[in-house]
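Chemist: curious how this folds, go ahead:
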Amino acid sequence: MAWFKKHKEQKSEKKVKIPEGLWVKCDNCKEIIYKKEIEKNLHVCPKCDYHFRISLLERIGYLVDSGSFTSIDDDLCSNDPLKFNDTMPYAKRLESNREKSGMNDAALYGTATIDSRPVCLAGIDFSFMGGSMGSVVGEKIARAAELAAEKNMPLITMSSSGGARMQEGMFSLMQMAKVSAAIGRLKDSGCLYISILSDPTFGGVTASFAMLGDIIIAEPKSLVGFAGPRVIEQTIKQQLPDDFQRAEFLLEHGMIDFIASRKDMKNTVYKLISHFMPEPVES
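Modeler: Numbering: from 1, shown residues only. I've put the predicted structure just below:
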């Protein structure tokens, strides 16, 4: 009965190891895309135009002239006035986020040029405690507005935040009034203020400087609001539209001025500055 037993030659299967991190799955269309293709396209999905979340430094790099950004007051750090402790002490959480992000807090501000036009720039990085606005974030936004008014430069803010920083309690909530007052003084000086919203922008940031721009621009499909849709549905006991709080919904209802893709943002901002705040002509 030996002929029933056929000895199959064992073929050695070569396993091809694919390095991790080469492919990215789009959160919108679910397509698998080569990571370098995404990076080349400014972290925008080439299939559906979905704008991936990026760091603040990457965002600044896409908006201003290469190497022109000069950061100011990088040494400002939050302290722990309330000695707050949730799953870990606030001081330890700050230390962890500083090590992870390489930033002392969630905001940066400074000066730069856009097509050689001087501007004052401020922004929030979502990767640092969800871009929450504590005392340092509020102080930097206020100082940016004051600097823009002093130098007679347009101010551009880039928001990506979950809202106020609960670990600082009232100190955090007071930043809404402080930055709003600083923006008011900037407008009194006649300087242009452009607010750029990205996914996500919520809470106290939306309720203050992010929605006070002379011109408010949002990236496509960005989520922007005060409270999240789940909280709103539970409160009003109604089903919300599928596109609720998306940039397109806000534009349709007059909450923002227009939507600009990431690749067009620099040119768009430059045209707005040139139109609304032209440089004086030398005689």
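Chemist: now the strands for the stretch 101-250 of the chain?
Modeler: In the stretch 101-250 of the chain, the strands defined using DSSP state E, counting those that start in this stretch lie at 107-114, 117-124, 155-161, 193-201, 215-218.
Chemist: so who does the residue most central in space within the chain touch?
Modeler: For the chain, the residue sitting closest to the mean C-alpha position, by C-alpha atoms, centre = their mean, is Ser160 at 3.1 Å. Ser160 makes contact with 53, 56, 123-126, 131, 198-201, according to C-beta atoms under 8 Å, 6 or more residues apart in numbering. Heads up, the C-betas are built off the backbone N, CA and C, glycines and all.
Chemist: how far away is the closest residue to Ser96 other than its chain neighbours from Phe171?
Modeler: Distances taken as C-beta to C-beta, 6 or more residues apart in numbering place Met88 nearest to Ser96, at 7.9 Å, with adjacent residues excluded. Using C-beta to C-beta, to the nearest Å, Met88 is found at 19 Å from Phe171.
Chemist: longest helix in the protein, by number of residues?
Modeler: Ordering each helix of the chain by length in residues (DSSP state H) puts helix 169-188 first.
Chemist: name the helices or strands packed onto it?
Modeler: Counting contacts by 3 or more C-beta pairs under 8 Å, 6 or more residues apart in numbering; DSSP states H and E, helix 169-188 is packed against helix 135-151, strand 193-201, helix 203-206.
Chemist: this protein - how does it break down into domains?
Modeler: Here the domain parsing of the chain from automatic domain parsing is 21-52, 53-276.
Chemist: relative to Ile183, which of the helices and strands packed on helix 169-188 is closest?
Modeler: Checking the helices and strands packed on helix 169-188 against Ile183 by C-beta to C-beta gives helix 135-151 as the closest, at 5.4 Å.
Chemist: pull the closest one out as PDB, backbone CA atoms only.
Modeler: C-alpha atoms of helix 135-151 as PDB (Å, rounded to 0.1, in the frame of the first residue of the first chain):
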ATOM      1  CA  SER A 135      -2.500  79.500  30.900                       C
ATOM      2  CA  VAL A 136       0.500  79.200  28.700                       C
ATOM      3  CA  VAL A 137      -1.500  78.600  25.500                       C
ATOM      4  CA  GLY A 138      -3.700  81.600  26.300                       C
ATOM      5  CA  GLU A 139      -0.700  83.800  27.200                       C
ATOM      6  CA  LYS A 140       1.100  82.900  23.900                       C
ATOM      7  CA  ILE A 141      -2.000  83.700  21.800                       C
ATOM      8  CA  ALA A 142      -2.500  87.000  23.600                       C
ATOM      9  CA  ARG A 143       1.200  87.900  23.100                       C
ATOM     10  CA  ALA A 144       1.000  87.100  19.500                       C
ATOM     11  CA  ALA A 145      -2.000  89.500  19.100                       C
ATOM     12  CA  GLU A 146      -0.100  92.200  20.900                       C
ATOM     13  CA  LEU A 147       3.000  91.700  18.800                       C
ATOM     14  CA  ALA A 148       1.000  91.800  15.600                       C
ATOM     15  CA  ALA A 149      -0.600  95.100  16.700                       C
ATOM     16  CA  GLU A 150       2.800  96.600  17.800                       C
ATOM     17  CA  LYS A 151       4.500  95.600  14.500                       C
END
